[in-house]
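Novice: Quick one: sequence plus predicted model below, questions after.
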Amino acid sequence: MENNIIFICPSWEDRSLLGFEQDYNDVKISKVIAIRKGHPINELEISDCIDKITNICTQQAITYEEIIWKDNPSKNSEQLSSCLNKLNTNDIVHIDITTMPRDIIWTLLFFLNQHSNHVLIRYYKPESYHDTWLSKEPLSPRLLLKHSGIIELGKPQCVVIITGFDVERTRQIVSKFEPQKVVLCIQKGEQFNNTNRNISSCHELICKNVGVSDISFVEIDSYGADFGEKTIDDVVSSLSNFNIIISSFGPKPSAIGVYMAYQKHQEVALCYVPCKEYNKDYCKGIGPLYTIDYK
Amino acid sequence: MTKNPFEYEAANNLRPEDIIDYYIEDFNFSRFIQSTKNIFLIGERGSGKTMALLYNSFPIKYAIGKKEGRVTFEKIGIHIPCNTPLFMKKEYLLIPDDYKKAIICEHYLVLSILYSIANTLNEIEEIVNETNDVKEKLYDEIEYIWDVQLDRTSPTFYNSIMKFVNREAISTQRKINAFDSDSFYENALSFSSSVLPFLQMMREINLMSETHFLLMVDDAHDMNEYQIKALNSWIAYRGHSLFSFKVATVKVDRPTHITSTGGSILEGHDFITVDMEQAYQNEETDFYKLSKRIVEKRLQRIGVSSTAEEFFPMNSSMKKDLEECREEARRIGIEKYGEEKKHSVSDYVYKYQRAIYFRNRKDKANKPPYSGFETIVDISTGVVRNLLDPCYWMYDSVMNTEKSNVRFITPQIQTNIIIERSQRMWDTLQSGLDKVVNNCSAEDAKQILNLFKKLMELFAKRLKLDISEPRAIVFSISQVDSFPEKYASIIHLLKIAQRAQYLYTRMGVAKDKGKQEIYYVPNRLLFPNFGLDPHGQYARVSLKTTDLYNAAFYNSPIPMDSFDDKNEPQQLFIDYGE
């Protein structure tokens, strides 16, 4: 019998709980696997969300399991592996990526590629984002374990960035890698005041300040049916003379688009920038649902 | 329309001819880099480390030598960049065994070194041709030593080495990235089994029979702890005739000196440190002269033959006012010391001319008309990138309005850009360094803002008073041993400020029996926003740990008498390593 398993990452954001409520309305879930960070930001609010989710699970006779995500890649891998070994390959795995950090999304997909035959992605837009700051205390950009690409010595570097509202993330990654070329993938559309908050010229200026003059622009639709996969695939295919590092700072679905493109281009390195602090008022409410068949 | 001559391009992105064109050789650094000693070249971002190494790499030196008719193969510089994704791979963390971790990490470093050596030698036609004559022998030898099969059909011997290295790099990464792999690679290369025999073999080629190889490791701070230990072990290697290391790294969070065996390398014995962040004082200093040459060379490229001072003229009324202040200072000096004491009078003029100018400005006046090439050098704080940045924006500002080529930048534009860039620095500080700098908490950001505001207030007060060193804007810290915890808290904040390039450090002579101590130099671009003088003077103030701590943590003003009771206040001497 096929079971519906859902992976979530409980958060303080409204759409974490509201999204979960819609998830179990849409899908007959038999098991919830919650990935919790070991020392989360906004811990109290997250605990509150988890309590509500576990209550729902108890009421609905849904199995609830947790994975504590620490800053130890080896331990995280063991936990994930052990958890996935208990699933059947024919179980339908849903991942609610709404409030899931990108490195966790990518790591989860890496393991699910081996373990599962059917993976579906769910993402809820918020109603609005905070109009000033979203995140603080960035850590250094990191290459994802087992996804650090196949680097060829002597090739120039290109950083491909799906840009977001925070121009500082662009500066951090370009400063870190000092590439010979940057491709800025700018989200299309007016949602969330995008044209005023995700300005291509600001990202361009940041790159120039770091000493990169070869900068090109591509329009991407992370909310499109393929979550931007084809755009990213085309970009990567056009850069065969470069060692490519790719990072997703824009809408969360672009993380899936990136990973799907990565399946065809495993020479590309996936990069993420963790933060220590996120604005408690990061976003409000819940908007429409976006889904994609990953596998 | 002419391209902006001050456009900043990262050194690694410049063509060799651009490096030769742009770079102004600083003999102080070149002689160390070209020596047979192991050198650590330290300096924050923008201080010119990569440019210095690239300029001393053999392809550049060879091109210059050819032009000047004096090619020598005595020293061959190999640039080895470490800010590549290969150095950011963390799969070694998945290996439980520490020894195996070290092996994999060394393997990646050795691959980079080997590739860089082969790539560098392959760029020199003379070397390639002479290698060609003996390549079968070299193939036999290296295949035997490395126990590998090289592609003998490659265009050159060095191409086949690069191909082999890349093949190894790709095999390693594929194995390590595989889902079920233990992240280890059994055929890992080591420095002693790969690089050393290769360099020794290069000496068999006539041209390089006496060559000393300068292995220039750039951005060494990007290496992991195992690679740093391995590098330190090689630095401790006794024989220096075949090779030496020149290691470029940032100042803050410098790599440790510990070796793979748990020992450590010693300054003076195993290596020498060269600080790239040059101090500047006035037009007589090395950095002023260097800056002038850098700017004038860039202007020449666009057909402008003006001097740096002509291209960036000072505001004429400020010039006139400063002259009047000079006369006033001279008059006061003579009154104080007598006309015959020429040295004391000129010293007084040096200290007080500008102080009088800034004191005489009314409180409600606009900010001073910051302009002139000397001011631009001042606000660079001795960092080349900081010199080029305002020049870029000034030129950009004029470029958009001038129909013909720009011949000079008006003082008004200079002032506008300087004040605007200064404001921007404070805006970033105000909104919080925790948004932009790694490992800076919201609390740290607030404390750093407090500290810098209080420092500016102190410098403003000092400028207005009739004290012996009114324009000292560099400080050292006292009470280090008396309040170690508070000192550690302050140092934590200062390190963050350094990483964000709001602060630089220099070594200077302490008052205490000629020892060395750290001088803290706030980024001079911070001063214009407060209407302060970025020029500074040959002095530093010693501030108490407790006063700095209270300023940062409690937003308390730094008292005017903040100096250690054991030392004299506002000491005059300075030594920035000149």
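Specialist: Cool, got the structure.
Novice: Write out the residues of the stretch 51-200 of chain B neighbouring chain A.
Specialist: Residues of the stretch 51-200 of chain B lying close to chain A by Cβ under 8 Å from any Cβ of the partner chain are B:83-86, B:88-91, B:93-94, B:96, B:111-112, B:115, B:119, B:162, B:165-166, B:169-170, B:173-174, B:177-179. C-beta coordinates here come from the backbone N, C-alpha and C atoms, glycine included.
Novice: For residue A:256, give its distance to residue A:121.
Specialist: 5 Å (Cβ to Cβ, to the nearest Å).
Novice: Quick check: neighbours shared by the two?
Specialist: In terms of Cβ atoms under 8 Å, 6 or more residues apart in numbering or on different chains, residue A:256 and residue A:121 are both contacted by the residues A:97, A:227, A:292, A:294.
Novice: ok, of those residues, which one's closest to chain B?
Specialist: residue A:294 (16.8 Å; Cβ to the nearest Cβ).
Novice: and that closest one, how many neighbours?
Specialist: Residues lying near residue A:294 (other Cβ atoms under 10 Å in any protein chain shown) number 21.
Novice: quick one: contacts for it?
Specialist: Residue A:294 neighbours (Cβ under 8 Å, 6+ apart): A:95, A:109, A:112, A:119-121, A:256, A:260.
Novice: just the buried members of those residues?
Specialist: Taking 16 or more other Cβ atoms under 10 Å in any protein chain shown as the criterion, what is buried in the contacts of residue A:294 is A:95, A:109, A:112, A:119-121, A:256, A:260.
Novice: In strands, which of those fall?
Specialist: Secondary structure assignment by DSSP state E places A:95, A:119-121 of the buried ones among the contacts of residue A:294 in strands.
Novice: quick check: mean pLDDT across stretch A:55-72?
Specialist: For stretch A:55-72, the mean pLDDT works out to 90.
Novice: go on, stretch B:47-60?
Specialist: Computed over stretch B:47-60, the average pLDDT equals 91.
Novice: which residue ranges form the strands in the stretch 1-150 of chain A?
Specialist: A:4-8, A:31-37, A:63-69, A:92-96, A:118-124, A:128-129, A:135-138, A:142-143 (DSSP state E, counting those that start in this stretch).
Novice: Quick check: neighbours of the fifth one in the sheet, parallel or antiparallel?
Specialist: The one in question is strand A:118-124. If you go by DSSP bridges, strand A:118-124 pairs up with strand A:92-96 (parallel), strand A:289-293 (antiparallel).
Novice: If we go by neighbour counts, what in the last one is buried?
Specialist: The one in question is strand A:289-293. Those would be A:289-290, A:292, for strand A:289-293 by 16+ other Cβ under 10 Å.
Novice: Quickly name whichever of those residues is closest to residue A:89.
Specialist: Among the buried residues of strand A:289-293, residue A:292 lies closest to residue A:89 (Cβ to Cβ), at 20.1 Å.
Novice: Surely that closest one touches residue A:225?
Specialist: Yes: with contact defined as Cβ atoms under 8 Å, residue A:292 counts as touching residue A:225 (7.4 Å).
Novice: picking up where we left off before, so can I have TSV of the strands paired with strand A:118-124 showing mean pLDDT and distance to residue B:232?
Specialist: Listed next are the strands paired with strand A:118-124 as TSV, based on pLDDT from 0 to 100; distance: least, Cβ to Cβ, whole Å:
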stretch	mean pLDDT	distance to residue B:232
strand A:92-96	94	45
strand A:289-293	91	49
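Novice: who's in contact with the residue in the stretch 151-295 of chain A that chain B sits nearest to?
Specialist: Distances between the stretch 151-295 of chain A and chain B by Cβ to the nearest Cβ are smallest at residue A:211, namely 3.1 Å. By Cβ under 8 Å, 6+ apart, the contact list for residue A:211 reads A:178, B:8-11, B:13.
Novice: Could you turn the buried ones of those into a ChimeraX selection?
Specialist: Buried residues within the contacts of residue A:211, by 16+ other Cβ under 10 Å, are selected in ChimeraX with:
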select /A:178 /B:8,10,11,13
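Novice: So which of the contacts of residue A:211 is the closest to residue A:246?
Specialist: The shortest approach to residue A:246 among those belongs to residue A:178, at 16.2 Å (Cβ to Cβ).
Novice: Just list the residues touching the closest one, thanks.
Specialist: With Cβ under 8 Å, 6+ apart, residue A:178 has these contacts: A:157, A:210-212, B:10, B:12, B:83.
Novice: And the contacts of the helix or strand harbouring residue B:391?
Specialist: Using DSSP states H and E, residue B:391 sits within helix B:384-399. Contact partners of helix B:384-399, identified using Cβ under 8 Å, 6+ apart, comprise A:209, B:1-2, B:4-8, B:45-48, B:51, B:290-291, B:294-295, B:312, B:376-377, B:379-380, B:406, B:409-410, B:413-414, B:416-418, B:420-421, B:501, B:523, B:525.
Novice: Could you pick out the buried ones from the residues you listed?
Specialist: B:4-6, B:8, B:45-48, B:51, B:290-291, B:294-295, B:312, B:376-377, B:379-380, B:406, B:409, B:413-414, B:416-418, B:421, B:501, B:523, B:525.
Novice: The stretch 151-295 of chain A against chain B: which residues are in contact?
Specialist: Counting by Cβ under 8 Å from any Cβ, the stretch 151-295 of chain A sits next to chain B at A:151-154, A:157, A:168, A:171-172, A:175-178, A:180, A:208-214, A:243, A:245, A:266, A:269, A:276-277.
Novice: rerun at 7 Å
Specialist: A:151-154, A:157, A:168, A:177-178, A:180, A:210-213, A:243, A:245, A:269, A:277 (Cβ under 7 Å from any Cβ of the partner chain).
Novice: ok, of these, which come out buried?
Specialist: For those, a neighbour count by 16+ other Cβ under 10 Å gives the buried set as A:151-153, A:157, A:168, A:177-178, A:180, A:210-212, A:243, A:245, A:269, A:277.
Novice: Where does pLDDT dip in the stretch 401-550 of chain B?
Specialist: B:402-404, B:510-514, B:538 (pLDDT under 70).
Novice: Report the distance from stretch B:358-378 to the chain centre.
Specialist: Taking Cα atoms, centre = their mean, to the nearest Å, one finds the center of stretch B:358-378 at 28 Å from the center of the full chain.
Novice: pLDDT of it, averaged?
Specialist: Taken as a whole, stretch B:358-378 has a mean pLDDT of 85.
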